[in-house]
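Novice: Below is the structure, and that's it, no one-letter string:
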């Protein structure tokens with residue numbers, strides 16, 4: 001079984017537990033934090049991959065690092081460590097967040113603009129583009145990119161809506177040259 005499928009199964013089990021116990025928001029927040037710590041702390045990742053440390057020592061490190069997380073999240077992390085699937089932790093978090101978003105009708109979106117967007121602008125983008133992707137709303141991550149020259153570029157999943165001046169100039173150039 002591929003890593004992605006394994007992560008998806010763990011995430012599905014966690015998602016079902018979260019729904020049964022009405023802990024979806026809390027567990028999503030905790031898994032986002034776990035993923036962030038795992039991605040930003042290369043030392044922790046290196047320690048977990050080390051063959052010199054016993055599984056018990058690795059579990060102790062994880063318990064200390066994530067002492068405040070829900071029991072279900074903690075037990076899942078322990079199970080991943082026991083089964084030598086430390087690399088899957090971030091993928092499990094990603095799959096869980098995707099399942100939670102699907103259940104709520106929310107899509108993750110990256111909006112590239114030349115300046116930070118206001119809350120009103122984000123809300124307007126969310127309401128107008130959510131329908132185009134069949135969702136109720138968008139969770140927007142605004143990324144400032146001065147190379148755009150003007151306008152915005154929106155990425156939702158694998159779909160890109162490019163209304164940037166840079167994108168329009170590039171398309172015009174391709175038309176003129178092609």
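Specialist: Cool, got the structure. These numbers were taken from a predicted model, which means no experiment stands behind them.

Novice: List the contacts of the helix or strand hosting residue 174.
Specialist: Assigned by DSSP states H and E, residue 174 belongs to helix 165-177. Helix 165-177 is contacted by residues 147-151, 153, 162 when judged by CB atoms under 8 Å, 6 or more residues apart in numbering. The way it works is simple: take the backbone N, C-alpha and C, and place the C-beta from them, glycine included.

Novice: In PyMOL, how would I select the buried members of those?
Specialist: This is the PyMOL syntax for the buried subset of the contacts of helix 165-177, where burial follows 16 or more other CB atoms under 10 Å:
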select buried, resi 148+153+162
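
Novice: returning to what we had before: what pLDDT, on average, does the helix holding residue 174 get?
Specialist: Mean per-residue pLDDT for helix 165-177: 92.

Novice: Output the lowest mean pLDDT helix or strand found in the protein.
Specialist: helix 42-49 (a mean of 86; mean pLDDT, DSSP states H and E).

Novice: Which strands and helices lie in contact with that helix?
Specialist: helix 24-40, helix 55-65 (3 or more CB pairs under 8 Å, 6 or more residues apart in numbering; DSSP states H and E).

Novice: With respect to residue 111, which of those lies nearest?
Specialist: Closest to residue 111 of the helices and strands packed on helix 42-49 is helix 24-40 (CB to CB; 18.9 Å).

Novice: any idea how far the closest one is from the chain center?
Specialist: Relative to the centre of its chain, helix 24-40 is centred 9 Å away, using CA atoms, centre = their mean, to the nearest Å.

Novice: The spatially most central residue of the chain sits in which helix or strand?
Specialist: Nearest to the mean C-alpha position of the chain, by CA atoms, centre = their mean, lies residue 94 at 4.8 Å. Using DSSP H and E, residue 94 sits in helix 89-104.
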